Structure formats: structure tokens, C-alpha cells
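Participant: test case, fold it:
(2 chains)
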Amino acid sequence: MKASITISDFIGIIGIGLMVILFVTQIIPTALATVINKFSSYSAENVARQLSNLITVSGSATYKIDIDYAPAKDVVYQVSIDSRTIKVVPKFGVNYADKSSSTQYFAVNLPSGQYTDVNSFLVGKSIFNPQQIGYGESKYAFDATK
Amino acid sequence: MRLMRQSNKGIVLTISAVVEGLFFIGVISLLFWLFISQILEIHNSATEANTERHAINLANVLISSEKLAYGEGGTCNGVPYTCNHYTTSSTCVNANCGWVPQDQSCYGTPYDCGHYTSSSSCTDAGCTSVYEKEGKISRGILDSSKLDSIFTKNSVSYEPKDIGMGYPNSLNLVKVVDLESCQDTTCDMWMAVLSAPTTIEGLSVEKFTNCMSDTAKTDVGSVFRSIAGYYLGGPIVSAVASLWDPWDIEECVKNAVPENVKSFFTGSLISSEGLPILIRYPNGDLHVGRIVVGVGEWV
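Facilitator: Next comes the predicted model:
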């Protein structure tokens, strides 16, 4: 028996090689990027970072402002706020992803609170007692619903 | 002959199996590398500008805060003063204005009611235009008198000030520079360290303490520094003076603090850093300035 490679075998090997190269260099990175982008936009780190920044920059408004933020429809989060720190824990379908919590800091005073199974957030700033002595005082509020 | 063919076939199969194995190892390695590189790219892009963004955010909050920004509200001999909420003179003449802004006009005619503090001199002036209404203040225009009351002017003080702003577990440094007051290499400058909550789990000054422990001195000179320090500042100063030279402490602070905070320790005059602001003095003068915020998280 003689071990030989025919032209059709050669073409087949080349074709498979090209398909593998195409798969590895084009299709997989695109699919991976899509999955990662989707996951990262829902991720605890992204949500916590966005919320902490929104809470802080609401202070840039000179009078009052309300900011709505709804990162995901299908994913809910557990959010706790204390000592200018916000902690976000997502609830995904898989157990290992639930453990990926994120803690971020913000720079203004916000009442402590805990919110469970929420995915829609409201950040607000207003002036408390604007008619009183001086200039009133900035008050910040946070609420979360599903 | 047959044996030799079988041997060759075995070698070919072995080589082919090895090549296939290497190929699959290569593919898996490539996939792993792609995955890791994507994750790293996202992670880096999310974290690398974190402290810088915190500094910018805090600066924006500060220039909008009623604690620092100029607003034309006030009190009238201790009584809440709401005259500035009205825009017609008729509603204002009876408001017993004790203090009104200087640069106002009464139906187009400038008046200087702001220079008076008694109600009698003010009731006829009327208030036409107002800037502050229902707590609105002038974003970006900092009140020098407020700066004087909260910040330390033209000197360095690291005593934390609580004005309800600042990142927790962080060093929040704020510097306001009046660029129009500069003469030679010195400018009028306000500086403050803003206090913020500190939690044990978020506090990590390991780098700083390691540096300080590495540079601690135990030579003979430390005894003399200790004695001098005790008489100058008490036991704590004595201990610090005996163990560390000032330049050691400065070095450790630099090492422990991120890049965006280091300019506070170099003493450099900044004209290109921070956010542009205006500083309003009691006589109504407006000076161009900058507010520079440095945030260094203890992580």
C-alpha cells in the first residue's frame, strides 16, 4: 500500500486550512467581541461605574436634575449604597457570574439604602430649602425599580 | 519489505498525530490569547482613566456647588432674604433688602444699593434683574469669601475640610489659583484637603507605610532631631523627626500618591491644568483662575 496524497486531498486540506484561518481570525473575534460587549454593558463593574459617575456628576447641575439609567431589561441587580460607596451585584442565569460584584465610589452625600432585583435607576439632585438663609443646600436622591 | 512498509506507515501516522496535536494546541492557544486580549483591552479601557475621571467629576461638582460658587442670595439682618426671587421692583421695595448685588440695574439704570447694608437705603432701589432664583448659583464663578472660609489661602494645610464632597478612601486635594494675581512666580492660591468617609476594607496605605518603614533612620542624629522635635511639636512630632527626614516623607508621599496628585507637591504653577473658573471678589472684581483637583485612591 502506498501512502500518497491526491490533488483532491490537497485541495481539501487547503480548503479546511483556509476555513480554519477565516474562522479563527474573523468569525471568532467578531462573535467574541459581541458577547463581551453585551456582557460588559450588563456587567456589575460597568453598571456600578456608570451609577457612581452619574451620582457624582449630578452635582454639576446648579439647580436640580433627574437622570434615568436603565442598563438592561433582562438582568436585575442588587444595589447597596453606604458611605459614598455603591456596590452592585448582578443576577445572571449562571451562578459563577453572580459572584462578579463591583464596588465604586462617588463624591457626594447620598442616603444609605439597599435595593434588590432592580434594573432601572433614578439619580436626582435638588436644592433643599432654596428660600431659606443663604443658598439652600444640595440634596441628592437615588431610587431603583424593576 | 512488508515490515518496512508497516514501519513507515507507523512513522507517518505518528508524525501526523503529533502535527495534528500541535495544530490543535496552536488553535486553542490562539483562541485563549484572543479571549484574554479582548478581556484585558476592556478592563484597561475601563480602569486606566478612573482616577483622572474622578478628579474631573469632582472639579465639576465643586464649581457648581453652593459651598463655593457665587450666588446672589443672602440674609437681611439675619432674616431670610427672598427679594432676589422677584423680578419686579414693586415686589421688592417692601422686601427690606439688607444686601443686594452690586452690579444690578433698576430698569436699566445702574444702582449701587449693594454698597449699603441698611434697609432704608435699599428700599427705593428696586430689584430688576436677578441671577439667582430658587437656589440657582453661578456655575464656574467661585466666591472668594467662600473660598476664604473653607480653604487655606497662600499656605498649605492638610487639615481635612468637610464640605460634603470628596471621594471616600481617597486623598481629595483642591487648589484654586487666581491667575490674574500672579507676580513673578507666585499667585494667590487657595488649597484644601476635602474629607470623605474612610472604610477599613477600602483603606490600603501599604505602599506608604512600607516606604516609611524602609526609610526610617536609627542613627545618632535621630536623637538630636527627636529632642528638637519634642520641643517644637510634642511627642508625635518628636517621633516623626527622629525617624524620618522631611525629604523621606515627601518621597513616600510621592510614591504613594497617583500621578494626578503629584503636582500638588511639586509647587509648580499651573496654567494649563484643571478647569477654567472665575473668582469673584467682594468688590465685584472678576479674576480668571483655575481649579485643580487631585484624587488619589488608597487602593
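
Participant: which residue ranges of chain A form strands?
Facilitator: For chain A, the strands defined by DSSP state E occupy A:65-69, A:76-82, A:85-91, A:102-105, A:113-118, A:120-128, A:137-145.

Participant: same for the fourth one, what does it pack against?
Facilitator: Contacting strand A:102-105 under the criterion 3 or more Cβ pairs under 8 Å, 6 or more residues apart in numbering or on different chains; DSSP states H and E are the following elements: helix A:44-57, strand A:85-91. (Each C-beta comes from the backbone N, C-alpha and C, glycine too.)

Participant: export the strands of chain A to a markdown table and tack on mean neighbour count and mean pLDDT?
Facilitator: Supplementary listing: the strands of chain A in a markdown table, determined by neighbours: other Cβ atoms under 10 Å in any protein chain shown; pLDDT from 0 to 100:
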| stretch | mean neighbour count | mean pLDDT |
| --- | --- | --- |
| strand A:65-69 | 13 | 93 |
| strand A:76-82 | 20 | 92 |
| strand A:85-91 | 21 | 91 |
| strand A:102-105 | 21 | 89 |
| strand A:113-118 | 14 | 93 |
| strand A:120-128 | 19 | 88 |
| strand A:137-145 | 18 | 89 |
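
Participant: export the ones you listed to JSON lines and tack on distance to B:P282?
Facilitator: Below are the strands of chain A laid out as JSON lines (distance: least, Cβ to Cβ, whole Å):
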{"stretch": "strand A:65-69", "distance to B:P282": "30"}
{"stretch": "strand A:76-82", "distance to B:P282": "39"}
{"stretch": "strand A:85-91", "distance to B:P282": "39"}
{"stretch": "strand A:102-105", "distance to B:P282": "36"}
{"stretch": "strand A:113-118", "distance to B:P282": "41"}
{"stretch": "strand A:120-128", "distance to B:P282": "24"}
{"stretch": "strand A:137-145", "distance to B:P282": "23"}
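
Participant: of those strands, which approaches A:K38 most closely?
Facilitator: A:K38 lies closest to strand A:85-91 among the strands of chain A, at 12.9 Å (Cβ to Cβ).

Participant: partner strands of the closest one, parallel or antiparallel?
Facilitator: Each strand that pairs with strand A:85-91, with its direction, by DSSP bridges: strand A:76-82 (antiparallel), strand A:102-105 (antiparallel).

Participant: quick revisit: take the helices and strands packed on strand A:102-105 and write them to CSV, including distance to A:G124.
Facilitator: Written out in CSV, the entries for those read as follows (distance: least, Cβ to Cβ, whole Å):
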stretch, distance to A:G124
helix A:44-57, 10
strand A:85-91, 15
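
Participant: circling back to that earlier point, between the strands paired with strand A:85-91, which one is nearest to A:S52?
Facilitator: With distances scored as Cβ to Cβ, the stretch of these nearest to A:S52 is strand A:102-105 (3.8 Å).

Participant: how about that closest one as CSV, C-alpha atoms only?
Facilitator: As requested, C-alpha coordinates have been extracted for strand A:102-105 and formatted as CSV (Å, rounded to 0.1, in the frame of the first residue of the first chain):
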residue,chain,number,x,y,z
SER,A,102,-18.3,45.7,41.8
THR,A,103,-17.8,48.5,44.3
GLN,A,104,-17.3,52.1,43.2
TYR,A,105,-17.0,55.4,44.9
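
Participant: what's next to it, contact-wise?
Facilitator: The set of residues external to strand A:102-105 that reach it, using Cβ atoms under 8 Å, 6 or more residues apart in numbering or on different chains, is A:43-45, A:47-49, A:51-52, A:84-88, B:54, B:167-170, B:202, B:297.

Participant: from these, list just the buried residues.
Facilitator: Members of the contacts of strand A:102-105 that pass the buried threshold by neighbour count (16 or more other Cβ atoms under 10 Å in any protein chain shown) are listed as A:43-45, A:47-49, A:51-52, A:84-88, B:54, B:167-170, B:202, B:297.

Participant: which strand residues bridge the closest residue to A:S52 other than its chain neighbours?
Facilitator: Taking Cβ to Cβ, 6 or more residues apart in numbering or on different chains, and ignoring the residues beside it in sequence, A:S52 has A:Q104 as its nearest neighbour in space, at 3.8 Å. Taking DSSP bridges as the rule, A:Q104 bridges to A:I86.

Participant: distance check, A:Q104 against B:S170.
Facilitator: With distances taken as Cβ to Cβ, to the nearest Å, A:Q104 is found 12 Å from B:S170.

Participant: also A:G124?
Facilitator: Taking Cβ to Cβ as the measure, A:G124 and B:S170 are separated by 24 Å.

Participant: quick check: mean pLDDT across stretch A:25-37?
Facilitator: Averaged across stretch A:25-37, pLDDT comes to 79.

Participant: now do the buried residues in it.
Facilitator: Under the neighbour-count criterion of 16+ other Cβ under 10 Å, stretch A:25-37 has A:28, A:32, A:36 buried.

Participant: that older thread, can I get the strands paired with strand A:85-91 in CSV with distance to B:K175?
Facilitator: Formatted as CSV, the entries for these read as follows, by distance: least, Cβ to Cβ, whole Å:
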stretch, distance to B:K175
strand A:76-82, 30
strand A:102-105, 21
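
Participant: which of the buried residues of stretch A:25-37 are close to chain B?
Facilitator: Among the buried residues of stretch A:25-37, proximity to chain B is found for A:28, A:32, A:36 (Cβ under 8 Å from any Cβ of the partner chain).
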